[in-house]
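Chemist: test case, fold it:
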Amino acid sequence: MDNDLHQRMQRLAARELKKGTNPAQVTELALQQGIPNDIANAELVRLAATGNSMFLGLLKKFGSRSEQINAAAQKSLQQVWDPAGEAITLNTFEAAQAKLQGTTKKYLERPTLPRRNLLLLLLPIVATALLSIFVPGFAQGIIQLDDGNGIFLFLMPFLPATIYVGYVFSLQRDIIKMLIAQEENWIYSPSERPERWQVLVKKYPELFRKGNTGQNFQDEFWGTTEYHGKSVQFWAAIFEYVVESTDSKGRKNRSTHRKNVFAIKLHKRLTSDFRLEPEHLGIRMLNFFRKKEIDTESAAFNKTFAVFYNGSKVEKQLEIVKTLSPSVQVRLLEMKEQFGRFTLQFRDDAIVIAFPGRMMRWMKTNFFLRVAVDDRDKAALRERLRSVLDISGDILRFLD
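Modeler: The predicted model follows:
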């Protein structure tokens, strides 16, 4: 019964607030329709907490009637920590999330839509195959086009279906991440943001000056987690960039690269500014000539990481080794074992970590079979986020 009343109040509040009805009048209308005052207030609090700018102005004025609503509205305007200093609040990405929710609703209401679309996009492949089998000389004629390069035309019918499958899988990832952000009370942006790269590359050029086109950040999280009784503020995202080149025949080649990026806010500003890179032969040769290699007491750490910094070795060695205490080294080696080779930047009040690949690569969710999020995907992504945050939180303990 209470669930029905909550749903009725949700519909009533959304309808009336969009008209410009003030929250006090919405509450009176709810009472007239048999909706108790506590349920009416609870739903107005929920709307205020979402940070939806459509309702925010009206709900803020309702503070005299409900301190809860006023507090929730104010919270939605509070800025969260961001490594680039961008002003991020609960309603910053409202439009992008509304679009994603609308697409999600469309697929839920029409669960056969992904399969239908894919079957339609497969028709050019079927037609090409039938022409090649039943029309004499068709395949040979295509191949001989453009001095034998016509064979690449056979790839054309596969492009629409391939692009659509990639779109649906990307949509699935976005939905899973949005749901986790909502459950954890984090902020999430599903958009590709090239302007975000332009800001971050200025602050962290060593990490993000990559590729020659298509640089952007996407699937961004901002949030706070608890570790050993202390709050840890973080940002996580996918950094994407493209390397584009031209071969001897003038054809363009493109390769897309992605890195999984985390930034963790420190409880104090570091005096040292340096970067850890995975150790390899090329770096060993570089360090031999530049005479700036810094070694710790751990042979395993020295074999795994190379240290890069600005300034002279005499000036920087002591403070860098102090930051890289034995406990911090152990946690960084554990992170390498768990997540693979990574680059890490210590700068100002943050640690920024870049892993290769995506946060989610293989998914159990498959909208072509069933339009529903597989709980195993949510659990896997949450576990990956938590694992990085836990190790990072442990590192913070030894930097205090």
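
Chemist: N91 versus the spatially closest residue to Q25 that is not a sequence neighbour, what's the distance?
Modeler: Counting by CB to CB, 6 or more residues apart in numbering, E16 is the residue found nearest to Q25 once chain neighbours are left out, at 7.3 Å. Backbone N, C-alpha and C define where each C-beta goes, glycine included. If you measure E16 against N91 using CB to CB, to the nearest Å, the figure is 20 Å.

Chemist: still on that earlier bit, thinking the residue nearest to Q25 is in contact with V26, fair?
Modeler: Yes - in this structure E16 lies within contact range of V26 using CB atoms under 8 Å: 4.8 Å.

Chemist: what about these two, which has more around it?
Modeler: Each of E16 and V26 has its neighbours counted (other CB atoms under 10 Å); V26 has more, 25 against 18.

Chemist: now name the helix or strand holding the more buried one.
Modeler: Under the criterion of DSSP states H and E, V26 resides in helix 23-32.

Chemist: in that helix, what counts as buried?
Modeler: Neighbour counts over helix 23-32 (16 or more other CB atoms under 10 Å) mark 23, 26-27, 29-30 as buried.

Chemist: list the contacts for A354?
Modeler: With CB atoms under 8 Å, 6 or more residues apart in numbering as the criterion, the residues that contact A354 are 207, 239, 259-261, 342-344.

Chemist: dump these into a markdown table; add pLDDT as well.
Modeler: As requested, those are exported to a markdown table (pLDDT from 0 to 100):
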| residue | pLDDT |
| --- | --- |
| L207 | 95 |
| F239 | 96 |
| K259 | 93 |
| N260 | 92 |
| V261 | 94 |
| F342 | 90 |
| T343 | 93 |
| L344 | 92 |
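
Chemist: can you pick out the most distant pair from those?
Modeler: Pairwise distances among the contacts of A354 were taken by CB to CB; the largest, 14.2 Å, belongs to F239 and L344.

Chemist: quick one: which of the contacts of A354 is most hemmed in?
Modeler: Ranked by neighbour count (other CB under 10 Å), the contacts of A354 have V261 at the top, with 24 neighbours.

Chemist: please name the nearest non-neighbouring residue to D247.
Modeler: If the residues on either side of it in the chain are set aside, D247 comes closest to N253, at 6.2 Å by CB to CB, 6+ apart.

Chemist: surely that neighbour meets E244?
Modeler: Yes - checked against CB under 8 Å, the pair N253 and E244 is within contact range at 7.1 Å.

Chemist: and those two? Which one has more around it.
Modeler: E244 (13 against 9).

Chemist: return the distance of the more buried one relative to H6.
Modeler: Taken as CB to CB, the spacing of E244 relative to H6 amounts to 52 Å.

Chemist: go on, P136?
Modeler: Here P136 is placed at a distance of 68 Å from H6 (CB to CB).

Chemist: return the distance of stretch 236-247 from the chain's centre.
Modeler: In terms of CA atoms, centre = their mean, to the nearest Å, the centre of stretch 236-247 is set 16 Å apart from its chain centre.

Chemist: and what of stretch 335-348?
Modeler: The chain centroid and the centroid of stretch 335-348 are separated by 18 Å, computed with CA atoms, centre = their mean.

Chemist: cool, and stretch 122-129?
Modeler: Going by CA atoms, centre = their mean, the spacing between the C-alpha centre of stretch 122-129 and its chain's C-alpha centre is 36 Å.

Chemist: name the residues that touch it?
Modeler: Residues outside stretch 122-129 that contact it (CB under 8 Å, 6+ apart): 154, 156-158, 160-161.

Chemist: what do you get if the cut-off is 6 Å, keeping everything else the same?
Modeler: 157, 161 (CB atoms under 6 Å, 6 or more residues apart in numbering).

Chemist: distance of the closest residue to R269 other than its chain neighbours relative to S248?
Modeler: Distances taken as CB to CB, 6+ apart put D349 closest to R269, at 4.9 Å, once the chain neighbours are dropped. In this structure, D349 and S248 are 49 Å apart, going by CB to CB.

Chemist: more crowded one of these two?
Modeler: Between D349 and S248, D349 has the larger neighbour count (other CB under 10 Å), namely 14 against 5.

Chemist: closest one of the buried residues of helix 23-32 to E315?
Modeler: For E315, the nearest member of the buried residues of helix 23-32 is P23. The distance, counting by CB to CB, is 60.4 Å.

Chemist: I351 belongs to a strand?
Modeler: Yes - secondary structure assignment (DSSP: H, G, I helix; E, B strand; the rest coil) places I351 inside a strand.

Chemist: what bridges to it?
Modeler: Taking DSSP bridges as the rule, I351 bridges to I264, F346.

Chemist: these two touch, right, it and K265?
Modeler: No - because the distance of 8.5 Å does not satisfy CB atoms under 6 Å, I351 is recorded as not touching K265.

Chemist: between these two, what contacts are shared?
Modeler: Taking CB under 6 Å, 6+ apart as the contact definition, I351 and K265 share no neighbouring residue.
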